[in-house]
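Q: Have a look at this fold, sequence not included:
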Ligand SMILES: Nc1ncnc2c1ncn2[C@@H]1O[C@H](COP(=O)(O)OP(=O)(O)O)[C@@H](O)[C@H]1O
Ligand SMILES: Nc1ccn([C@@H]2O[C@H](COP(=O)(O)O)[C@@H](O)[C@H]2O)c(=O)n1
Ligand SMILES: [Mg+2]
């Protein structure tokens, strides 16, 4: 590898930011003069979730449910309401003419500053707002510590682009307008010191027009829309599961900088949901596995070193780009690794692909019994194809192969894998820190029978149709 290629690889990695969305290791500047929540170690949130929706749609209720279900993680809630500007005496005299539903009613600069601080691991003091007096408490604040998950909730949290950009996930809580109005009347008369007439008047004059002008137009930014709010247990479970998965991956990525999890989107979650479904048809299992494999392979190729390359465009200008790494080959672990060969061939024209077969005898008597590898493999980067790295014992079964290569050659090996168990990743990463693992998802754990949970069954059998 030339010096040039190293620096380009480094520059590209640097430009592409953290290897896992939302997580950034603390820098010297981010850890200056601050009180940190835990033992002076700045905690960086992994997930910043925005929850928006009309008044009384159930935002606060949904957030409470998410927080309750994520009880084993550190989660904090920040309400946009806390950033209402306090009214001055003139405004207070004519409070019925004040529009609390307009974006200008909030101190968005202060909200931004607060979320940015939490994002880099600082604790913040959030104002306490009084809906009866329409002002902030002058002497009390709520201390919010940086956490793994920050939920920002409010009618207009998607309105300002700068606030939106801080979110990894945007949820819109939907409910019929008449249901919301009925709830609002009940809540504001019981909890916010209003009478029915004032609620109805405020609703017609300000709340409904502002919903149409500002809240509803921001719904398009949502990643997930929850109809029926807190009654929609399925949607809330899915969101909680998604956050849990991301947090589990986050921990591993923190420990091993050589583990790369492709950024999860709801498309990718959807594909995992399908291939994990035991009732999916064989045809669909293969179809969605192929789609996922292709994504992982493309992502893995992005971690290979590049060299700089200049081309002349049809407009006779020079474009400075990069050249693909040419010296590579695949090695598939027979049999399930063969399911990844087509994707690799589709991405790398004419690529050489070798094979190894690891025969398993009992729990620890693993041995390599077959290998057919390209003659010049020592000059190539190797993409080791194995779709599932489950137990640490299955990871150990790769060790004869890995040790063999590391003994003979000193180049980077890049296995490409889909759903993984943390135990397997720990085992391989600890032993081979210079190897890179690229995966689409990491499972929660292994159960007592060493099966991956939630898992996806025997991948090879399901893919090649030998599971019945
Ligand atoms: N699914 C539901 N069924 C019945 N009442 C609900 C439901 N969701 C919320 N509420 C009630 O409606 C009111 C408004 O809900 P809240 O979660 O505070 O909405 P938001 O934060 O969107 O304004 C509260 O009094 C709450 O208890
Ligand atoms: N002093 C205030 C401040 C706000 N409001 C109303 O609260 C609504 C937002 O809170 P939700 O929990 O319903 O999202 C908003 O529609 C304001 O009209 C208020 O009445 N008085
Ligand atoms: Mg609320």
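A: Good, I have the coordinates. Nothing here was measured: the structure is a model prediction, and the numbers come from that model. Numbering: from 1, shown residues only. Ligands and ions are numbered 1, 2, ... in the order given.

Q: Could you find the closest non-adjacent residue to residue 299?
A: Excluding the flanking residues, the one nearest residue 299 by CB to CB, 6 or more residues apart in numbering is residue 262, at 4.8 Å. To be clear about C-beta, it is placed using only N, CA and C from the backbone, and glycine gets the same treatment.

Q: what's the answer for residue 225, then?
A: Nearest one to residue 225, counting by CB to CB, 6+ apart, is residue 172 at 4.8 Å.

Q: and residue 125, how many neighbours does it have?
A: Residue 125 has 11 neighbouring residues, counting by other CB atoms under 10 Å.

Q: same check, this time on the one 4 residues further on
A: One way to gauge burial is a neighbour count; for residue 129, by other CB under 10 Å, it gives 18.

Q: Next up, the contacts around it.
A: 81, 82, 83, 84, 135, 136, 137 (CB atoms under 8 Å, 6 or more residues apart in numbering).

Q: Now which of those residues would you call buried?
A: Buried members of the contacts of residue 129, scored by 16 or more other CB atoms under 10 Å, are 81, 82, 83, 84, 135, 136.

Q: Secondary structure, pLDDT and distance to ligand 1 for those residues - can I get that in JSON lines?
A: Below are the buried ones among the contacts of residue 129 laid out as JSON lines (DSSP: H, G, I helix; E, B strand; the rest coil; pLDDT from 0 to 100; distance: CB to the nearest ligand atom, whole Å):
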{"residue": "81", "secondary structure": "helix", "pLDDT": "96", "distance to ligand 1": "9"}
{"residue": "82", "secondary structure": "helix", "pLDDT": "97", "distance to ligand 1": "13"}
{"residue": "83", "secondary structure": "helix", "pLDDT": "97", "distance to ligand 1": "15"}
{"residue": "84", "secondary structure": "strand", "pLDDT": "97", "distance to ligand 1": "14"}
{"residue": "135", "secondary structure": "strand", "pLDDT": "94", "distance to ligand 1": "20"}
{"residue": "136", "secondary structure": "strand", "pLDDT": "94", "distance to ligand 1": "19"}
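
Q: now, which of those residues sits nearest residue 104?
A: residue 84 (10.8 Å; CB to CB).

Q: In this model residue 105 seems to touch that closest one, though I could be wrong.
A: Yes. Judged on CB atoms under 8 Å, residue 84 makes contact with residue 105 at a distance of 6.0 Å.

Q: For residue 213, report the pLDDT, please.
A: At residue 213, the model reports a pLDDT of 98.

Q: actually residue 395, not the one I typed
A: 50.

Q: Outline the domain layout of the protein.
A: The chain breaks down by the TED database into domains covering 47-247, 251-464.

Q: Lowest average confidence across these, which one?
A: domain 251-464 (a mean of 77).

Q: how many neighbours does the nearest residue to residue 207 once chain neighbours are set aside have?
A: Among residues not flanking residue 207 along the chain, residue 101 sits closest, at 5.2 Å (CB to CB, 6+ apart). Counted with other CB under 10 Å, residues neighbouring residue 101 total 22.

Q: got the contact list for residue 101?
A: 55, 155, 206, 207, 209, 210, 211, 214, 215.

Q: again with residue 335
A: Counting by CB under 8 Å, 6+ apart, residue 335 makes contact with 460, 464.

Q: same question, residue 114
A: Contacts of residue 114 by CB under 8 Å, 6+ apart are 78, 83, 124, 126, 144.

Q: Need the max-distance pair from those residues.
A: 83 and 144 (12.4 Å).

Q: Residue 288 against residue 277, yeah?
A: No. If you go by CB under 8 Å, residue 288 and residue 277 don't touch, sitting 9.6 Å apart.

Q: These two - which one has more neighbours?
A: More neighbours surround residue 288 than the other of residue 288 and residue 277, with 19 against 13 (other CB under 10 Å).

Q: Tell me the secondary structure at the more buried one.
A: With DSSP: H, G, I helix; E, B strand; the rest coil as the basis, residue 288 sits in helix.
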